[in-house]
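[1] Next one to model:
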Amino acid sequence: MRIWYFILSAGILSAIIALAYDKTGAKEAEPANCLYVSPDGNDQNEGTKEKPFRTLAHAAKEAVPGTTVMIREGTYHETLDVKHSGTDENPVTFRNYENEKVVISGEAVTDAEYETPLVHIHDKHNITISGFTIQDLSVSSEEATAMGIYVSGSSSHITMKNNHIRDIKTTADDGNAHGIAVYGSGSMKDIKIEDNTVEKLTLGASEAVVLNGNIDGFTISGNVVRDNNNIGIDLIGYEGTADQNDFVRNGVVENNTVYHNSTYGNPAYGDDYSAGGIYVDGGQRIDIKKNIVYENDIGIEATSEHRGKYADDVQITDNTVYENAYTGISIGGYDNKRGGTSNSVIAHNIMYRNDTKGLYGGQLLLQYDTKNNNIEKNIMTASHSRIFIANDFTKNDENIVNHNVYHKEAGKDGLWIWKKNEYDSFSSYQKATNQDQESIYADPMYRDEKSYDFTLDPDSPAWSVMK
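    As a prediction, this is how the structure comes out:
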């Protein structure tokens, strides 16, 4: 980044400062059609700022298309069940007033038996949920599922942004919980999950943020997903959620920070390290780009858990993936009873010292049934296991691996495993597999590895390979 310096006259500088102050200091203009809710209100009131409603439930009944429900600071021990759709021109919005802290708490929920969300949108469209802290919901039954936000049915044009979801949990050994769950049993389009923090969830067999079923078109961007005991972000197909088009597709997962998600110690998994930071399980035509993914079990994974099905056309690009327990990026099914990964791209990623637990996943893991995938222009630095590529399955068809940089370190040899065969030199791996013919084994010359600054030095030999 270049920094330009200007010399400004006192008058011009004063004018700029004044303009900036006016812009940042001004209060955001309120929408024309507002209803207000406050802990000090009354549902017999008019719903104005001066005479607000008391409950979210009453506001939801009154929120017609074009309404923005402004919720004042306080803790609301109730659920928000959205009752009315908006339109393209007149959406329905529920949001906190200005920057006030609004908490939707599940502390009062006891003995839940079924799906139990704190915010629920079912068969609705053109809805925005923004600016809430959603927390403290616990279920104890294996049949119950605790959820922060739940979008279901045929809901479309849904936006969830700037929310903080935490401490949602199941205490059942084989129970389920989600932070944000979107289940398209009918047709869904245009789902946006943006700039949320989803953390400290006890998930059982489920995921922190999940899209599942017939969902065509989505964006998951700018979120922080951390400190959960299962998968961070999951995009699922073929579980029987929808009667037709039962897979998530045509979406983007970008600019998220995903870390400290692990199944280790989760009663549903025991001592396994199997939680992906970002996981595509049967999704198609999905871009996973510019994410920072670290200290999970698996960094980024794309496959299908269902035999004969594939994660297809998944583009995994420009991500920084480091110090994950098992592997950095993984494609293919975990055994020969699963599906696989096809027609996908893994490019321009940094994979740095993954496989921290010595589980032989290396930096890049190719598992069962991978075909027609292109793996190029990545930079890999091995962990103490010294494995760059791990591939213990022979069903590996027409995959192309080339133009990559493997980090050569003094006194440390690398390992490449391809179709169950192990190679302890780069040249022997190249010769035997005919892969990586234009790749290099060299120091990429990072600016500051210890600070996880993976910017390349101008003299790095990687430039010639990566361009």
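
[2] Run me through the strand neighbours of the strand or helix carrying Phe454, direction for each.
    Assigned by DSSP states H and E, Phe454 belongs to strand 453-456. Here strand 453-456 is paired, per DSSP bridges, with strand 446-448 (antiparallel).

[3] Only the C-alpha atoms, please, for the strand holding Phe454, written as CSV.
    This file holds the C-alpha atoms of strand 453-456, laid out as CSV (Å, rounded to 0.1, in the frame of the first residue of the first chain):
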residue,chain,number,x,y,z
ASP,A,453,2.7,-11.7,7.7
PHE,A,454,2.9,-13.8,4.5
THR,A,455,3.6,-10.9,2.2
LEU,A,456,6.4,-11.9,-0.2
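
[4] So which bits of it are buried?
    Residues of strand 453-456 classed as buried by neighbour count (16 or more other C-beta atoms under 10 Å): 454, 456. C-betas here are computed from N, CA, C, even on glycine.

[5] could you give the mean pLDDT of the next helix or strand after that strand?
    For strand 453-456, the following helix or strand on the C-terminal side (DSSP H and E) is helix 462-466. Average pLDDT, helix 462-466: 92.

[6] cool, and stretch 298-314?
    Here the average pLDDT along stretch 298-314 is 98.

[7] and Thr128, what are its phi and psi?
    Torsion angles at Thr128 (phi, psi; degrees, to the nearest 10) stand at phi -120, psi 130.

[8] do the same with Glu449
    Glu449 adopts backbone torsions of phi -60, psi -40, taken as degrees, to the nearest 10.

[9] Name all residues that make contact with it.
    Residues near Glu449 by C-beta atoms under 8 Å, 6 or more residues apart in numbering: 352, 381.

[10] Equivalent analysis for Tyr423, please.
    Here Tyr423 is in contact with 415-417, 429, 432-433 (C-beta under 8 Å, 6+ apart).

[11] Next secondary structure after the longest strand seen in the chain?
    Taking DSSP state E as the criterion, the chain has its longest strand at strand 176-194. Using DSSP H and E, the helix or strand that follows strand 176-194 in sequence is strand 197-199.

[12] In the sheet, which strands lie alongside the helix or strand that contains Leu365, parallel or antiparallel?
    Per DSSP H and E, Leu365 falls inside strand 364-366. Here strand 364-366 has these sheet partners by DSSP bridges: strand 327-331 (parallel), strand 387-390 (parallel).

[13] Could you single out the most deeply buried of those?
    Comparing those by mean neighbour count (mean count of other C-beta atoms under 10 Å), strand 327-331 ranks first with a mean of 30.

[14] Now do that strand: everything it contacts.
    Contacts for strand 327-331 (C-beta under 8 Å, 6+ apart): 276, 298-303, 311, 316, 319, 321-322, 340-341, 344, 346, 349, 351-352, 354-355, 359, 361-367, 370, 373, 380, 390.

[15] Just the buried residues of those residues.
    Looks like the contacts of strand 327-331 have 276, 298-303, 311, 316, 319, 321-322, 340-341, 344, 346, 349, 351-352, 354-355, 359, 361-367, 370, 373, 380, 390 buried, using 16+ other C-beta under 10 Å.

[16] and those, which of them are in strands?
    276, 298-303, 311, 316, 321-322, 340-341, 346, 351-352, 364-366, 370, 380, 390.

[17] if we can go back for a sec, with mean pLDDT and distance to Gly282 as added columns, please give the strands paired with strand 364-366 in JSON lines.
    Output for the strands paired with strand 364-366, formatted as JSON lines (pLDDT from 0 to 100; distance: least, C-beta to C-beta, whole Å):
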{"stretch": "strand 327-331", "mean pLDDT": "98", "distance to Gly282": "13"}
{"stretch": "strand 387-390", "mean pLDDT": "98", "distance to Gly282": "23"}
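
[18] among these, which is nearest His164?
    Comparing those against His164 with C-beta to C-beta, the closest turns out to be strand 327-331 (28.6 Å).

[19] how far off strand 298-303 does that closest one point, in degrees?
    For strand 327-331 against strand 298-303, the angle by axes from the mean of the first three to the mean of the last three C-alpha atoms, to 10 degrees is 0 degrees.

[20] rewinding a little: please spell out the ChimeraX selection for the buried subset of the contacts of Tyr423.
    Buried residues among the contacts of Tyr423 (16+ other C-beta under 10 Å), as a ChimeraX selection:
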select :415,416,417,429,433
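
[21] Please name the bridge partners of Met188.
    Beta-bridge partners, per DSSP bridges, of Met188: Ile215.

[22] Residues in contact with the strand holding Phe454: which ones?
    320, 350, 352, 379, 444-448, 462-463.

[23] buried subset of those?
    For the contacts of strand 453-456, a burial check counting by 16+ other C-beta under 10 Å picks out 320, 350, 352, 379, 444-446, 462.

[24] Flag the shaky bits of the stretch 51-200 of the chain, pLDDT-wise.
    Counting by pLDDT under 70, the stretch 51-200 of the chain shows no low-confidence range.

[25] so what are the domain limits for the chain?
    Per automatic domain parsing, the structural domains of the chain span 31-99, 100-466.

[26] Check the ones you listed for me and report the most buried one.
    Highest mean neighbour count among the domains of the chain (mean count of other C-beta under 10 Å): domain 100-466, a mean of 21.

[27] Now the terminal residues of that one, how far apart.
    This stretch, domain 100-466, spans 47 Å end to end (C-alpha to C-alpha, to the nearest Å).

[28] now the helices for this protein?
    Using DSSP state H, the helices of the chain run over residues 10-25, 56-62, 426-433, 462-466.

[29] Check which helices and strands the shortest one sits against.
    The one in question is helix 462-466. strand 405-407, strand 440-442 (3 or more C-beta pairs under 8 Å, 6 or more residues apart in numbering; DSSP states H and E).

[30] hang on, the earlier thing: same list (the buried ones among the contacts of strand 453-456) but as TSV, adding distance to Asp453.
    Listed next are the buried ones among the contacts of strand 453-456 as TSV, based on distance: C-beta to C-beta, whole Å:
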residue	distance to Asp453
Thr320	10
Ile350	11
Tyr352	11
Ile379	13
Pro444	12
Met445	12
Tyr446	7
Ala462	15
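
[31] how near is the residue most central in space within the chain to Leu201?
    Using C-alpha atoms, centre = their mean, the residue of the chain that lies closest to the mean C-alpha position is Ile233, 3.6 Å off. According to C-beta to C-beta, to the nearest Å, Ile233 and Leu201 sit 13 Å apart.

[32] One more: Ser140?
    Counting by C-beta to C-beta, the gap from Ser140 to Leu201 is 15 Å.
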